[in-house]
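In: Below are the sequence and a predicted model for it; my questions follow.
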Amino acid sequence: MKFLLRIVSVILLVFVLPTLVSAGLWATRDHPEGWSSARWSSSGLLPTAEESPEAAIYIFSAMTGGLKGAIASHAWIVTKDENGDYQRYDKVGWGSPIRRNHRAPDAFWYSNPPRLVAEVKGEEAKRLIPMVEAAIAGYQYGQPGGYRIYPGPNSNTFVAHVLREVPELGAVLPADAVGRDYLPDGAFYHLDKDGRDLHLSLGGFAGLSVGVRSGLEVNFLGLVAGIDVARPGIKVPGFGTVGL
């Protein structure tokens, strides 16, 4: 009984309390009343394609809308061939699941500004773009009906899949990207292609990730706590990574 109480205490302290604090702070801010009143235009974070002709890959994330915006974000992928236009890829829960260019590449999401998760440019981007496109085309939940908001597969499951398939991008999604830890076909484990990150998951409801990019993470009901080694910091549920 004492062991069980200790486990419950850890869950309350590490996962529940920060989440409640984050939700309380979220409730004090102004938010759009609905989808139609939210801002979806370009944030101006990226230069125009004409201003930056080199090849590039970007991974973006932004907090989402509604009550889930207190703890959860939405991620997307942007690619650009040399002298080409930006191509944005999102996984959504309506219509054609993987949307292409349905928003500006650096657009606000439910009025929330985008955060740059990863960036690759020049010759390395030229080399990786075909690999990214292959991972997008091969995503097994890319068809209508292949979306479930929780625990996945959702928008973050899609982008996390691409990051695992193309580890050269050198990133994992933020700790608030609920759904990123859902593994295809309910698999219990996944080793990234370069063997540098290992992910264990119980259907996306609980799990563990460890490696060069992940650091040490514990996932509980989609909430992530852990330590970021690559960019020293502590991963706190509801707040993301707090730098040291």
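Out: Yes, it's here.

In: Show me what counts as buried in stretch 146-159.
Out: Across stretch 146-159, burial judged by 16 or more other C-beta atoms under 10 Å covers 146-147, 151-159. Placement of C-beta: from N, CA and C, glycine included.

In: ok, now stretch 67-74?
Out: Quick answer for stretch 67-74 (16+ other C-beta under 10 Å): 68-74.

In: go on, stretch 37-50?
Out: In stretch 37-50, counting by 16+ other C-beta under 10 Å, buried: 43, 45-46.

In: nearest to G211, of those?
Out: Taking C-beta to C-beta as the measure, G211 lies nearest L45 of these, at 28.5 Å.

In: who does Y58 bridge with?
Out: V78, E119 (DSSP bridges).

In: ok, now how distant is it from A49?
Out: Y58 is 12 Å from A49, where distance means C-beta to C-beta, to the nearest Å.

In: Check P114 too.
Out: For P114, the distance to A49 - C-beta to C-beta - is 17 Å.

In: element containing Y89?
Out: strand 86-91 (DSSP states H and E).

In: That strand: partners in the sheet, and parallel or antiparallel?
Out: Checking strand 86-91 against DSSP bridges gives partners strand 73-80 (antiparallel), strand 98-100 (antiparallel).

In: hmm, who's touching the shortest one?
Out: Meaning strand 98-100. Strand 98-100 is contacted from outside by 87-92, 136, 139, 142, 158, using C-beta atoms under 8 Å, 6 or more residues apart in numbering.

In: Can you give me the buried ones in it?
Out: 98-99.

In: From the contact counts, what lies against the top helix by length along the chain?
Out: The longest helix of the chain (DSSP state H) is helix 122-137. Counting contacts by 3 or more C-beta pairs under 8 Å, 6 or more residues apart in numbering; DSSP states H and E, helix 122-137 is packed against strand 56-63, strand 73-80, helix 155-165.

In: what mean pLDDT does the second one have?
Out: To tie it back to what came earlier, the one meant is strand 73-80. Averaged across strand 73-80, the pLDDT comes to 97.

In: before we move on, what about the longest one?
Out: Per-residue pLDDT values over helix 155-165 give a mean of 95.

In: gap between the helix or strand just after that helix and the chain center?
Out: The helix or strand immediately downstream of helix 155-165 is strand 189-191, counting by DSSP H and E. Mean-position distance between strand 189-191 and its chain equals 18 Å (C-alpha atoms, centre = their mean, to the nearest Å).

In: ok, now stretch 210-223?
Out: 13 Å.

In: hmm, who's touching that stretch?
Out: 11, 14-15, 19, 71-72, 150-151, 167, 170-172, 175, 178-179, 181, 192, 196-199, 201, 204-209, 224-230, 235, 237-238.

In: circling back to that earlier point, now for the buried residues of stretch 146-159: which two are most distant?
Out: Most distant of the buried residues of stretch 146-159, by C-beta to C-beta, are P151 and V159, 15.4 Å apart.

In: Turn the contacts of strand 98-100 into a markdown table, columns for distance to P105.
Out: Below are the contacts of strand 98-100 laid out as a markdown table (distance: C-beta to C-beta, whole Å):
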| residue | distance to P105 |
| --- | --- |
| Q87 | 8 |
| R88 | 5 |
| Y89 | 10 |
| D90 | 11 |
| K91 | 16 |
| V92 | 16 |
| I136 | 15 |
| Y139 | 19 |
| G142 | 20 |
| F158 | 16 |
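
In: Tell me who's in contact with L244.
Out: L244 neighbours (C-beta under 8 Å, 6+ apart): 232-234.

In: Mind checking which of those residues are buried?
Out: Buried among the contacts of L244 (16+ other C-beta under 10 Å): 233-234.

In: quick revisit: how big is the angle separating the longest helix of the chain from strand 56-63?
Out: 60 degrees (axes from the mean of the first three to the mean of the last three C-alpha atoms, to 10 degrees).

In: Appreciated, that's everything.
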